[in-house]
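Asker: Structural data only, the sequence is not supplied:
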DNA sequence: GATTGACTTGAAAATGATTTTCATTTATAA
DNA sequence: TTATAAATGAAAATCATTTTCAAGTCAATC
Ligand SMILES: [Mn+2]
Ligand SMILES: [Mn+2]
Ligand SMILES: [Zn+2]
Ligand SMILES: [Zn+2]
């Protein structure tokens, strides 16, 4: 019988353990940080932020942990202009990202219905559309002032 | 009096010359390739394809030429999963990309109207939406068989 | 069609992000 | 506890991209 997880961090750690991973100190610190972050973080950012309280952390471990979290669908990669990636906690279901261009705060939203656009585009181009990628950019409530 | 350009390659070269760039052999070869390509090409691909007929080309020149073409809005960067970029001839106006997941062939389409979705999302999140990023994926006519 | 000088080029080295290697440490099951 | 396979961190390797610089080439002028 599984008791419901106390919070999101516990939930992630449970998922990791259930998948056969060991719950090490570095892993726990990285998970705590990512669960709490309102914006996508890059590997070096995570490295620096975790080392404030856990100075031994290696950058390689950050990469390896992100790989695990992405494989389990707990975090999502966010593409940057320069080609590097940041990582943000994922949500379930069909949702897209809305990102603040000033502070980076990210929110998920749902409810996009692209079916008419897709049907129209299919007719026009002869392509079969199977997937889509949508992202909105703007200012978060705080950054609107 | 400007005569109309004979074809797209000439048009690009005219634009480059008008912007003060010199029309060198390497530049011409890269432009010819990009104008004719139905799919986005990466720097190394361009390097290899051009060297078939122009073996002296340096990879650095590919990067520098792509920089110029992007600055003039003649090509557009297409983001890849792994973070690298490919380059595709751009079109004018508000258009988005439809990319074949099998062969890479890319087409532009217009006519997306996201205003209702954006208004709804703004109300729900408190964000001010200023921009959007949309890309469709599927199979091109040839790859549908 | 020569001459000239700034713009371009290509090779090599530098950079920066990410991956691989490997000896050591650590979590967990026995 | 003890054993052992998984995880870690340091260093080296890899890969895309950028910088540096001496040599080559365009295009304006003679
Ligand atoms: Mn959608
Ligand atoms: Mn649009
Ligand atoms: Zn903000
Ligand atoms: Zn195709």
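Answerer: That came in fine, so what should we check first? In this text, all values refer to a predicted model and were calculated from it rather than measured experimentally. Numbering: from 1, shown residues only, chains lettered A, B, ... in the order given. Ligands and ions are numbered 1, 2, ... in the order given.

Asker: So which bits of chain A are right by DNA strand C?
Answerer: Listed as neighbours of DNA strand C in chain A under the rule Cβ under 7 Å from any atom of the strand: A:17, A:22-25, A:42-44, A:59-60, A:63-64, A:67, A:84-85. All C-beta spots, glycine's among them, are computed from the backbone N, C-alpha and C.

Asker: Repeat the analysis, applying 10 Å as the threshold.
Answerer: Within chain A, the positions near DNA strand C by Cβ under 10 Å from any atom of the strand are A:13, A:16-17, A:20-28, A:42-45, A:47, A:56, A:58-64, A:66-67, A:77, A:80, A:82-87.

Asker: Just the buried ones from those?
Answerer: Among the residues of chain A next to DNA strand C, those classed as buried by 16 or more other Cβ atoms under 10 Å in any protein chain shown are A:13, A:16, A:21, A:26-28, A:42-43, A:45, A:47, A:61-62, A:66, A:85-87.

Asker: so what's residue A:108 bridging to?
Answerer: residue A:97 (DSSP bridges).

Asker: Looks like it contacts residue A:96 (just checking).
Answerer: Yes - with contacts counted by Cβ atoms under 8 Å, residue A:108 reaches residue A:96, the gap being 6.9 Å.

Asker: out of the buried ones among the residues of chain A next to DNA strand C, who's nearest ligand 3?
Answerer: Checking those against ligand 3 by Cβ to the ion gives residue A:86 as the nearest, at 14.8 Å.

Asker: now the closest one, what's its secondary structure?
Answerer: Assigned by DSSP: H, G, I helix; E, B strand; the rest coil, the conformation of residue A:86 is strand.

Asker: gap between the residue nearest to it when sequence neighbours are not counted and residue B:73?
Answerer: Counting by Cβ to Cβ, 6 or more residues apart in numbering or on different chains, residue A:86 lies nearest to residue A:40, which is 3.5 Å off, once chain neighbours are set aside. Relative to residue B:73, residue A:40 is positioned 28 Å away (Cβ to Cβ, to the nearest Å).

Asker: out of residue A:108 and residue A:96, which sits in the busier spot?
Answerer: residue A:96 (20 against 16; other Cβ atoms under 10 Å in any protein chain shown).

Asker: Which residue is the nearest non-sequential neighbour of the more buried one?
Answerer: Spatial nearest neighbour of residue A:96, chain neighbours left out: residue A:134 (4.6 Å); criterion: Cβ to Cβ, 6+ apart.

Asker: OK, contacts around the spatially most central residue of chain A?
Answerer: Geometric centre of chain A, nearest residue: residue A:88, 2.3 Å, by Cα atoms, centre = their mean. Residue A:88 makes contact with A:34, A:37, A:39-41, A:75-76, A:78, A:97, A:106, according to Cβ atoms under 8 Å, 6 or more residues apart in numbering or on different chains.
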